[in-house]
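# need the 3D shape of this:
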Amino acid sequence: MSGYAFRPSRRIASIKPSGIRKFFDLLESMPEAISLGIGEPDFVTPWHVRERGIYSLEKGYTKYTPNAGLSALREEISLYMKRHYGLHYDAKGQVLVTVGGSEAIDLCMRAVLDPDDEVIIPQPSFVCYAPIATLTGAKPVIIETRDKDLFRLTPAQLRGALTDKTRMLVLPYPCNPTGAIMEKSDLEGIADILRDRDIMVLSDEIYAELTYGLTHASMAQLPGMAERTVVVNGFSKSHAMTGWRMGFACASRGIIEQMTKIHQYAIMSAPTTSQYAAIEALQRGDDDILSMCGEYDARRRFVVDALNGMGLPCFEPQGAFYVFPDIRPTGFSSEEFCERLLRDQEVAVIPGNSFGDSGEGFVRCCYASSMAQLIEAMDRIRRFIGKL
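Sure, this is the predicted structure:
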């Protein structure tokens with residue numbers, strides 16, 4: 001009798017594993033390696049936030065919350081969005097608490113997209129957008145942003161990608177991995193194209209609080225765009241709460257209702273302890289954000305200067321906590337550079353093509369490590385370049 005042979009879904013089989021994981025696997029056997037690959041703050045979650053989570057456990061607050069999240073947390077998110085960005089969302093119907101920002105992205109795409117719809121995705125960008133779109137049956141349409149444009153999406157590029165099947169535009173700014181931002185004037189050019197079309201904007205603003213010299217601008221702030229924009233944000237980057245898995249989405253009632261429906265069946269509710277900690281983060285965490293952002297700014301300037309000084313051209317990122325140096329002067333591909341650097345100097349960075357084909361010739365370095373680690377990492381990279 002023949003045995004059972006597993007056959008995966010054709011859609012999931014067509015998706016490549018994340019290119020980032022390969023380098024994390026190599027790191028397991030290299031305990032002395034310095035990792036500039038993980039997009040995670042080196043800061044521990046502030047004590048007052050952790051304490052609020054501990055207190056919730058001590059009080060026995062361990063039951064399910066409402067599907068959309070604790071009403072107190074949704075109220076705080078509403079106040080936060082108004083205080084920081086001047087955006088007005090009703091906590092009772094326009095805010096959804098999710099398991100990290102990634103779940104919010106997934107819910108948005110599943111709530112909006114039908115098979116054969118097209119999703120415009122600027123790249124290089126976060127690795128999840130195209131695979132999630134594929135899982136819905138939609139077609140990712142990639143726009144390759146360019147270093148000469150500071151990796152910003154231009155109106156001309158958008159116009160060239162639009163078809164009668166375009167249903168969604170992903171705006172991944174501030175951008176992982178490039179550190180690029182879109183200023184208000186940049187967004188206005190994009191909004192002018194979208195207003196007369198039936199296209200939803202998924203604005204991933206998880207790094208909105210981590211900008212340097214310029215205040216973050218959201219597509220939802222522009223006239224006529226709030227009703228067609230889903231703002232995705234969370235606590236992982238701004239509040240150093242990656243492991244708490246807390247995110248949220250803000251949008252019009254219609255789409256939040258559909259996203260909540262999927263959330264009810266797939267997740268039920270975000271972790272209760274994390275929600276209580278998130279309330280504290282929003283109520284008393286603004287100073288924490290400012291302090292961490294100031295540290296990142298100093299690290300950013302140090303790493304950019306160091307990389308440029310060793311002959312790896314690197315534009316100055318204005319958001320997130322990544323730099324995206326051009327390694328083409330070395331003659332290596334992105335993967336070759338990263339593999340050789342890891343084996344020769346035990347420094348881990350991520351190939352730029354892990355974030356889309358247009359990232360080839362670049363690597364992503366995360367400067368959310370301590371300054372001591374960054375100094376040592378830059379010294380090792382300088383030695384590596386000197387040997388070439």
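# the longest helix belonging to the chain: which residues count as buried?
Assignment by DSSP state H gives helix 286-309 as the longest helix of the chain. Neighbour-count burial for helix 286-309 flags 286, 288-289, 292, 295-297, 299-300, 303-304, 306-307 (criterion: 16 or more other Cβ atoms under 10 Å). The way it works is simple: take the backbone N, C-alpha and C, and place the C-beta from them, glycine included.
# same question for that helix, mean pLDDT?
Average pLDDT, helix 286-309: 97.
# stretch 315-327 too?
The model assigns stretch 315-327 a mean pLDDT of 96.
# got the end-to-end distance for it?
Start and end residues of stretch 315-327 are separated by 12 Å (Cα to Cα, to the nearest Å).
# and it, how far out from the chain middle?
Distance of stretch 315-327 from the chain centroid (Cα atoms, centre = their mean, to the nearest Å) equals 14 Å.
# tell me which residues in it are buried?
Buried residues in stretch 315-327 (16+ other Cβ under 10 Å): 315, 317-327.
# could you dump these to CSV with secondary structure and distance to Ala278?
Formatted as CSV, these follow (DSSP: H, G, I helix; E, B strand; the rest coil; distance: Cβ to Cβ, whole Å):
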residue, secondary structure, distance to Ala278
Phe315, coil, 34
Pro317, coil, 27
Gln318, coil, 27
Gly319, strand, 22
Ala320, coil, 21
Phe321, coil, 21
Tyr322, strand, 24
Val323, strand, 29
Phe324, coil, 30
Pro325, coil, 35
Asp326, strand, 38
Ile327, coil, 38
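# mind putting those in TSV, distance to Asn67 included?
Output for the buried residues of stretch 315-327, formatted as TSV (distance: Cβ to Cβ, whole Å):
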residue	distance to Asn67
Phe315	43
Pro317	37
Gln318	37
Gly319	32
Ala320	31
Phe321	32
Tyr322	34
Val323	39
Phe324	38
Pro325	44
Asp326	46
Ile327	46
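# tell me the one among the residues you listed nearest to Thr45.
Phe321 (16.2 Å; Cβ to Cβ).
# what's the spacing between the closest one and Ala372?
16 Å (Cβ to Cβ, to the nearest Å).
# local confidence estimate at Ser29?
Confidence for Ser29, expressed as pLDDT, is 71.
# give me the number of residues near it?
Ser29: 7 surrounding residues under other Cβ atoms under 10 Å.
# still on that earlier bit, out of the buried residues of stretch 315-327, who's nearest Glu280?
Distances from Glu280 to those, taken by Cβ to Cβ, are shortest for Phe321, at 23.0 Å.
# contacting residues around that closest one?
Each residue near Phe321 by Cβ atoms under 8 Å, 6 or more residues apart in numbering is listed here: 39, 41, 179, 207, 210, 237, 296, 299-300, 366-368.
# picking that back up, now the longest helix of the chain: how far from the chain's centre is it?
That offset, for helix 286-309, works out to 18 Å (Cα atoms, centre = their mean).
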